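Trainee: Coordinates for the following, if possible.
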Amino acid sequence: MNIITSLGLDLESSWAGIIAGKNGVKPITLIDTEGLQTHIAAQLPDSFEEFSNVFIKKRMADQTTRVTKMCFVCAK
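Mentor: Residues are numbered from 1 along each chain as shown. Next up, the predicted model:
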């Protein structure tokens with residue numbers, strides 16, 4: 001099992017961020033937030049897509065949503 005958070009893509013980096021007092025909340029970059037009430041969120045790091053390719057075959061990755069990729073990565 002794995003853990004992915006806005007602080008890191010594995011248990012060690014996530015835990016280190018928690019211990020260091022980081023919160024992982026940053027400006028939203030995945031969608032356009034113009035017109036929305038909030039412009040911040042605890043998103044996964046930008047490197048998640050590249051990281052998920054280690055666990056998911058390319059053909060399957062092209063056919064799955066980001067949330068499904070998160071599930072596969074955590075289950076591995």
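Trainee: Pull the number of nearby residues for residue 7.
Mentor: 19 (other CB atoms under 10 Å). (C-beta placed from N, C-alpha, C; glycine too.)
Trainee: in which helix or strand would I find the spatially closest residue to it that is not a sequence neighbour?
Mentor: Nearest non-adjacent residue to residue 7, counting by CB to CB, 6 or more residues apart in numbering: residue 17, 3.2 Å away. If you go by DSSP states H and E, residue 17 is part of helix 11-19.
Trainee: If you count contacts, what does that helix end up packed against?
Mentor: If contacts are counted by 3 or more CB pairs under 8 Å, 6 or more residues apart in numbering; DSSP states H and E, helix 11-19 sits against no helix or strand.
Trainee: I figured residue 53 was touching residue 61, is that so?
Mentor: Yes - here residue 53 reaches residue 61: they are 6.2 Å apart, a contact under CB atoms under 8 Å.
Trainee: before we move on, the earlier item: ok now the helix holding residue 17, how far from the chain's centre?
Mentor: Distance of helix 11-19 from the chain centroid (CA atoms, centre = their mean, to the nearest Å) equals 14 Å.
Trainee: Mean confidence (pLDDT) on it, please.
Mentor: Averaging pLDDT along helix 11-19 gives 94.
Trainee: Kindly report the same for stretch 24-44.
Mentor: Stretch 24-44 comes out at a mean pLDDT of 94.
Trainee: end-to-end on that stretch?
Mentor: 9 Å (CA to CA, to the nearest Å).
Trainee: For it, could you pull out the residues that count as buried?
Mentor: 24, 43, 44 (16 or more other CB atoms under 10 Å).
Trainee: So for the chain, the centremost residue is which one?
Mentor: With distances taken as CA atoms, centre = their mean, residue 44 lies nearest the centre of the chain, 2.4 Å away.
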